[in-house]
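>>> Next comes the sequence, and after it the predicted model I'd like to discuss.
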Amino acid sequence: MTAGPSSGRGGAGVVPAARGDIESALEAAVKHWEPEILDLSHAIHADPELGGQEFRAAKRARRVLRMAGFGFDAPQPAQPTAFSARFGSGELVVALCVEYDALPAIGHACGHNVNAASAVGAALALAAVAEELSLTVKVLGTPAEETTGGKVDLIDEGFFDDVSLAMMAHAAAKDVVGGSSLAMCMWDVLFEGRAAHAAAAPSEGVNALDALVVAQTAIALARQQLPAGSIVSLIVTEGGSAVNVIPERARANIELRAASIENLRLIQDKVSRCLEAGAHASGSALHITPTGNDYAELRQDAFLSEAYRAAMTARGRDVAFSAEPVASTDMGNVSQLVPSIHPMVGYDVRGAAHHTAEFAAFGASAGADQAVIDGSFGLAAAACAAAVDPEQTRRLLRRTMA
């Protein structure tokens, strides 16, 4: 479904009379919607919801978009906390990815309220110039970035098939663009053996915990042969119920990270063989269950990155270029498919690190609010820079016109 301008608060501001007025129109639109954009950030921050349970956050984002005249696609994504909305009907389809999931116990310790509000803000700004620049502004609510990777599900359902470029900004302690991320997967590993009395009849048991110990040892020895930059993290979540009973079950959570999806496949093979070694040595049965989608590494588009940096510099922000990988994100999967950017938009967090309660405490601060507003403008300006450049427009349309 394609929507036109709303008769309410009006399709997000003033439509420019000439292309030279585009940045002014973006600034006016962001200013026009600033109360709603910041209210959205604050409401999500104050009401954290875990991945796949972000019902209230998604409803709040949809409400703001509906006020601005966005329509909602049919069908909607299968995930109940995802959505797809759009404004305009131009050939160049700009997707804004809205993340809003929190972390257990520590709330928005990764700043996803900032991520969500800046993406929605950018969409509202772009709606002001959508007709002028022949844009379709597509907003995708993308759940569960911290856990299962909702963007991958949206890719699989075809919601990125018509997209020319995709973007979002991520909360951080400083402004950075151009960075990569690590490919990642998570497994739930279960060894099943046979219980027996540990003193009276130990030979009748099959010790599942032994399987896990052997597997851990094999993984530790294998690390030397893993590709550079590979990370294997493991915690034991179940290892027996009583000391005088041979453990019939042992369970672990394993997280694998690598510099690229190709290297991730290599370490998946190596680690799975280490797990099989534990099963073979002990006689236990092995069950490996992926917990969510595999994440690919992030590839940020050079033109869009530079355009974003120029726009943010004009707003007085110091945006560094860095190719260093930062954690992992399902935006990496999007970037493998569609030209994308995922810059870090910074504010003062007093040295706090991501995924800490201290970082979460600054998510509704004045600095975070400024990051939301600046990020809204920067993302929108980067998309417009591509839209007014015929060579870039042809490049970006090539994917969807093929």
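Okay, I see it.

>>> can I see the domain layout of the protein?
19-179+297-401, 183-290 (automatic domain parsing).

>>> Columns mean neighbour count on top of those, output as a markdown table?
Yep, even glycine has a C-beta here, placed from its N, CA and C like the rest. Shown next, in a markdown table, are the domains of the chain (neighbours: other CB atoms under 10 Å):
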| stretch | mean neighbour count |
| --- | --- |
| domain 19-179+297-401 | 21 |
| domain 183-290 | 17 |
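
>>> got JSON lines for those, with mean pLDDT too?
Below are these laid out as JSON lines (pLDDT from 0 to 100):
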{"stretch": "domain 19-179+297-401", "mean pLDDT": "97"}
{"stretch": "domain 183-290", "mean pLDDT": "97"}
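
>>> Shouldn't residue 189 be within a strand?
Yes: per DSSP: H, G, I helix; E, B strand; the rest coil, residue 189 lies within a strand segment.

>>> Next up, the contacts around it.
With contacts defined as CB atoms under 8 Å, 6 or more residues apart in numbering, residue 189 is in contact with 212, 215, 251, 252, 253, 254, 275, 286, 287, 288, 289.

>>> Name the helix or strand for the second one, please.
When you say that, I think you mean residue 215. Per DSSP states H and E, residue 215 falls inside helix 208-222.

>>> ditto for the fifth one
Counting by DSSP H and E, the element that carries residue 253 is strand 249-258.

>>> so what strands line up beside that strand?
Strand 249-258 pairs in its sheet with strand 183-192 (antiparallel), strand 231-238 (antiparallel), by DSSP bridges.

>>> So what's the gap between that strand and the chain middle?
Computed by CA atoms, centre = their mean, to the nearest Å, the chain-centroid distance of strand 249-258 equals 21 Å.

>>> Could you point out the helix or strand that follows it?
From strand 249-258 onward toward the C-terminus, using DSSP H and E, the following helix or strand is helix 261-282.

>>> Pull the residues that contact that next one.
Residues contacting helix 261-282 (CB under 8 Å, 6+ apart): 183-185, 189, 191, 193, 206-208, 210-216, 218-219, 222, 225-227, 229-230, 232, 254, 256-258, 284-286, 288, 294, 296-297, 336.

>>> now stretch 306-326
Stretch 306-326 is contacted from outside by 23, 174-182, 229, 259, 297-298, 305, 341, 343-346, 374, 377-379, 381-382, 385-386, using CB under 8 Å, 6+ apart.

>>> what about 7 Å?
175-182, 259, 341, 343, 374, 377-379, 381-382, 385-386 (CB atoms under 7 Å, 6 or more residues apart in numbering).

>>> cool, stretch 30-41 as well?
Stretch 30-41 has contacts (CB under 7 Å, 6+ apart) with 12-13, 60-61, 64, 67, 113-114, 116-117, 120-121, 124-125, 364, 369, 372-373, 376-377.

>>> At which residues are the helices of the stretch 301-402 of the chain located?
Along the stretch 301-402 of the chain, counting by DSSP state H, counting those that start in this stretch, helices occupy 302-314, 331-337, 357-360, 366-387, 390-401.
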